[in-house]
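Novice: okay, predicted coordinates and the sequence, questions at the end:
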Amino acid sequence: MQLKLATWNVNSLKVRLPHLLDWLSTHRVDIVCLQETKLVDENFPLGPLDEAGYSATYVGQKTYNGVALLTRSDSVAPAREIVTALPGFDDQQKRLVAATFGDLRVVCAYFPNGQAVGSEKYDYKLRWIAALTTWLRAELSRHPRLALAGDFNIAPEDRDVHDPKAWAGQVLFSEPEKQAFRDLLALGLVDSFRQFEQPERSYTWWDYRMQAFRRKMGLRIDHILLSAELAKKCTACDIDVEPRRREQPSDHAPVIATLSV
DNA sequence: ATGGCATGACAATCATGA
């Protein structure tokens, strides 16, 4: 069967709920990883999502961060083995939710932004990713069919940045961050987007300012990494820029991977 | 030149994002 797995940083699920519901009704994706829900759990919109045919596993907090896994109730098995914090890393910030659906392990992650190279938040970002990498090594040994999807806040290569010279050494594109991304790939994960031919200037985020979207000044920082076994079953991976064209959009576009499982 | 937008908390600006 064909399974569509997506990731989308919605930058406030409260504000973006109408966009999300429209998008779900037209794309009918099976699993969606959401980041930056910015909601406490009591305010999570379970009702509207249930009406749209989706179940949710989520963890949030006031104002910042927050992640969720949405699954089509009629096509995806119930969530098992739910994890709502990064094991081995003491963290107040809600940035990770993982669950198993059938034999598919899905990890939804909102990587720290890092603010500026050399800052305390940058150090936290690198430590957070190191803990994620350690935990994923063990997860992969237990779950050969694993997907890591989310907002990585890392543009891994020059072609993922509209102006790599201007971004050189900056946060989101610094060498230690790119090395951390490669360390994740070294676990045996595959960047599903780069398994296929893609248009020039493919990005997933554009600054709200300076008409960056219209000018194609973006970064590819949202990714779907697949274990080797899953990568073999991936038949497509695409960025959907349409939601970014709407009024009051998220600054991120969704990414969709199609799996033949 | 460190802005520009956007969101949320909170009540005029401020923290944060990327």
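Specialist: Yes, it's here.
Novice: show me the contacts for residue A:201.
Specialist: By C-beta atoms under 8 Å, 6 or more residues apart in numbering, the contact list for residue A:201 reads A:162, A:216, A:218. In this view, the C-beta of every residue, glycine as well, is placed from N, C-alpha and C.
Novice: any idea how far residue A:213 is from it?
Specialist: For residue A:201, the distance to residue A:213 (C-beta to C-beta, to the nearest Å) stands at 11 Å.
Novice: now do the helices in chain A.
Specialist: With DSSP state H, the ranges of helices along chain A come out as A:13-27, A:46-51, A:120-142, A:164-167, A:175-185, A:228-231, A:242-245.
Novice: tell me which of those sits most buried.
Specialist: Per-stretch averages of neighbours, counted by mean count of other C-beta atoms under 10 Å, single out helix A:228-231 among the helices of chain A, with a mean of 18.
Novice: how close does the residue most central in space within chain A sit to residue A:108?
Specialist: When chain A is reduced to its mean C-alpha position, the closest residue under C-alpha atoms, centre = their mean turns out to be residue A:150, at 1.1 Å. Using C-beta to C-beta, we find residue A:150 at a distance of 5 Å from residue A:108.
Novice: can you give me the pLDDT of the residue of chain A most remote from its centre?
Specialist: With C-alpha atoms, centre = their mean as the measure, chain A has its most outlying C-alpha, relative to the mean C-alpha position, at residue A:165: 25.6 Å. The pLDDT attached to residue A:165 in the predicted structure is 97.
Novice: also residue A:52?
Specialist: If you check residue A:52, the pLDDT there is 98.
Novice: for chain A, what lies in contact range of DNA strand B?
Specialist: Counting by C-beta under 7 Å from any atom of the strand, the residues of chain A close to DNA strand B are A:9, A:11-12, A:14-15, A:36, A:38, A:62-64, A:112-113, A:115, A:121, A:151, A:153, A:171-172, A:205, A:207-210, A:219, A:221, A:248, A:251-252.
Novice: any idea how far apart the tips of stretch A:97-115 sit?
Specialist: For stretch A:97-115, the first-to-last residue distance is 23 Å (C-alpha to C-alpha, to the nearest Å).
Novice: any buried residues in that stretch, and which?
Specialist: In terms of neighbour count (16 or more other C-beta atoms under 10 Å), stretch A:97-115 has its buried residues at A:97-101, A:104-112, A:114.
Novice: starting at the chain centroid, how far to that stretch?
Specialist: 7 Å (C-alpha atoms, centre = their mean, to the nearest Å).
Novice: any idea of the mean pLDDT for that stretch?
Specialist: In this model, stretch A:97-115 has a mean pLDDT of 98.
Novice: measure the residue farthest from the centre of chain A to residue A:37 for me?
Specialist: For residue A:165, the distance to residue A:37 equals 35 Å [C-beta to C-beta].
Novice: ok, of the buried residues of stretch A:97-115, which one's closest to DNA strand B?
Specialist: residue A:112 (6.0 Å; C-beta to the nearest atom of the strand).
Novice: can you pull the contacts of the closest residue to that closest one other than its chain neighbours?
Specialist: Take residue A:112 and drop its neighbours on the chain: the residue closest to it by C-beta to C-beta, 6 or more residues apart in numbering is residue A:125, 3.9 Å away. Taking C-beta under 8 Å, 6+ apart as the definition of contact, the neighbours of residue A:125 are A:111-114, A:153, A:177.
Novice: count of residues packed around residue A:160?
Specialist: Counted with other C-beta atoms under 10 Å, the neighbours of residue A:160 add up to 26.
Novice: that one reaches residue A:218, doesn't it?
Specialist: No - with contact defined as C-beta atoms under 8 Å, residue A:160 and residue A:218 do not form a contacting pair (9.0 Å).
Novice: give me the common contacts of those two.
Specialist: Overlap between the contact sets of residue A:160 and residue A:218, as judged by C-beta under 8 Å, 6+ apart, is given by residue A:203.
Novice: residue in the stretch 51-200 of chain A nearest to DNA strand B?
Specialist: With C-beta to the nearest atom of the strand, the shortest gap between the stretch 51-200 of chain A and DNA strand B falls at residue A:113, namely 3.4 Å.
Novice: what residues does that residue make contact with?
Specialist: For residue A:113, the set of contacting residues under the criterion of C-beta under 8 Å, 6+ apart consists of A:121, A:125, A:153, A:171-172.
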